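**Student:** sequence unavailable; structure follows:
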């Protein structure tokens, strides 16, 4: 069986690591690490989980995450079936907080990049012309070596620090309270929901998976995810509904049931509460943006 894409540690001989990776699917496990991470998806689709934010992703998705911000780019279920002959492609850059020396981003020359680094604690989504320009810069980056590669990374960060095509991802109040020892527990919960969101998910079953009582699990999950478990499931389902509204020519009721909702009225209400518009209006505005 082929292996998924996984994070590689930065070798001791290098200041940072830039890699272009192709594999059947992305690393499906929720995780966090001490390095900054800049990633652009060149091929592949699924759902992106960053801190307390859930959103569909596709080709062109570009994100900068700060140290220890939990995340996973979870490929759609179709990618895990070898019979579908699907694959994924990305460029990822890892660099530590002190890759240019301690407190470097506090220096006057790095003031703008320093502000970018602070904002990355919430995760930063890159769109528009900046996305296209930085994608090409990242493609060039992986082909370079030595000091020219380091200079290219600085040019990318400087370019991003002066762009208006960037916005934070998580809520301002989000704080990662997860512990290294809890990665597997939270990862199993996320993976279970991602596999089963179309079906009825019982709190008792997930609490048992986490080896906690129902009340203890509810407290544990809310403190780590910045939302209740029921809200998390709803967000996962709404995210999938958005993906279907983008990509599939099916009616709203089919989107509703394919996303795990039991009634159309409940789906419409939750969709409007979270997205700010009805599913029909959302689809119409999305399609009009390409005209």
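**Tutor:** Structure received. This structure is a prediction, so every number in the text was calculated from the model and none was measured.
**Student:** can you give me the distance of residue 207 to residue 216?
**Tutor:** 7 Å (CB to CB, to the nearest Å). In short, each C-beta sits where N, CA and C put it, glycine included.
**Student:** which one of these two has more residues nearby?
**Tutor:** Between residue 207 and residue 216, counting by other CB atoms under 10 Å, residue 207 is the more crowded of the two (20 against 12).
**Student:** tell me who's in contact with the more buried one.
**Tutor:** 213, 214, 216, 217, 218 (CB atoms under 8 Å, 6 or more residues apart in numbering).
**Student:** can you rerun that using 7 Å?
**Tutor:** Shown in contact with residue 207 (CB atoms under 7 Å, 6 or more residues apart in numbering): 213, 214, 217.
**Student:** and for residue 106?
**Tutor:** With contact taken as CB under 7 Å, 6+ apart, residue 106 is in contact with residue 114.
**Student:** can you pull out the strands in this protein?
**Tutor:** When secondary structure is read from DSSP state E, the chain shows strands at 17-23, 36-43, 46-50, 53-57, 62-65, 71-75, 88-95, 124-126, 166-168.
**Student:** can I get those strands in TSV with mean neighbour count, mean pLDDT and distance to residue 266?
**Tutor:** Listed next are those as TSV, based on neighbours: other CB atoms under 10 Å; pLDDT from 0 to 100; distance: least, CB to CB, whole Å:
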stretch	mean neighbour count	mean pLDDT	distance to residue 266
strand 17-23	16	96	37
strand 36-43	20	98	32
strand 46-50	23	93	21
strand 53-57	20	92	18
strand 62-65	24	98	31
strand 71-75	23	92	24
strand 88-95	20	97	33
strand 124-126	21	98	29
strand 166-168	16	97	30
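**Student:** what would these look like in JSON lines with distance to residue 113?
**Tutor:** Formatted as JSON lines, the strands of the chain follow (distance: least, CB to CB, whole Å):
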{"stretch": "strand 17-23", "distance to residue 113": "17"}
{"stretch": "strand 36-43", "distance to residue 113": "11"}
{"stretch": "strand 46-50", "distance to residue 113": "21"}
{"stretch": "strand 53-57", "distance to residue 113": "23"}
{"stretch": "strand 62-65", "distance to residue 113": "11"}
{"stretch": "strand 71-75", "distance to residue 113": "21"}
{"stretch": "strand 88-95", "distance to residue 113": "12"}
{"stretch": "strand 124-126", "distance to residue 113": "12"}
{"stretch": "strand 166-168", "distance to residue 113": "13"}
